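K.L.:
predicted model and sequence below, questions to follow.
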Amino acid sequence: MSEEKEKLRAKVPEFAKYERKFDKALDAVLSGCVKEIRFKPSGRKICAVVGKMGDEFIDPERPYCSCSNFYFKVLGGREEVCYHLLSYRIAVKAGRVDVVEFSDEDYGPYLAATVRDVFEVLKKSS
Ligand SMILES: [Zn+2]
């Protein structure tokens with residue numbers, strides 16, 4: 001394991017119980033996959049985690065994630081969290097959320113592109 005990962009792991013010991021998911025989440029955070037997209041001037045915010053198959057939307061407050069793991073396992077009560085939401089929590093604690101700013105005009109196109117990604121992934125995984 002890299003030294004950077006070791007350091008990050010040490011910052012968030014409370015998540016270690018998620019084991020494999022925790023490991024995957026650490027990699028995602030280190031690769032800068034956790035994004036917060038802010039739209040100006042409205043201040044609207046979208047959180048996303050860039051995954052291998054596309055971006056997933058997350059809403060850490062509800063909590064919600066657009067991935068199939070969240071849909072089937074978390075909502076089904078078999079798992080507590082998916083690795084995207086876990087990545088977000090780790091990134092927030094470690095101060096590693098990658099903030100990207102867009103203007104409000106880009107909100108529609110951004111959303112459309114990301115939703116398209118989500119559907120592509122769903123198609124592949126079903
Ligand atoms: Zn997810």
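P.N.:
Received the coordinates, thanks.
K.L.:
quick one: secondary structure of the residue nearest in space to the middle of the chain?
P.N.:
In the chain, the residue lying closest to the centroid (C-alpha atoms, centre = their mean) is residue 49, at 3.0 Å. Three-state call for residue 49 (DSSP: H, G, I helix; E, B strand; the rest coil): strand.
K.L.:
and the pLDDT for it?
P.N.:
Per-residue confidence (pLDDT) for residue 49: 95.
K.L.:
mind pulling up the pLDDT for the residue nearest to it when sequence neighbours are not counted?
P.N.:
In space, and not counting its chain neighbours, residue 49 is closest to residue 84: 4.1 Å by C-beta to C-beta, 6 or more residues apart in numbering. Where C-beta positions appear, they are placed from N, C-alpha and C, glycine not excepted. As predicted, residue 84 sits at a pLDDT of 96.
K.L.:
re the thing from before, specify the beta-bridge partners of the residue nearest to the centre of the chain.
P.N.:
Per DSSP bridges, the residues bridged to residue 49 are residue 34, residue 56.
K.L.:
ok, and what's touching the longest helix belonging to the chain?
P.N.:
Counting by DSSP state H, the longest helix found in the chain is helix 107-125. Contacts with helix 107-125, where a contact means C-beta atoms under 8 Å, 6 or more residues apart in numbering, come from 37, 39, 42, 44, 46, 48, 51, 53-57, 66-68, 102.
K.L.:
and this protein, which residues reach the ion?
P.N.:
Within the chain, the residues that sit near the ion (C-beta under 5 Å from the ion) are 65, 67, 70, 82, 84.
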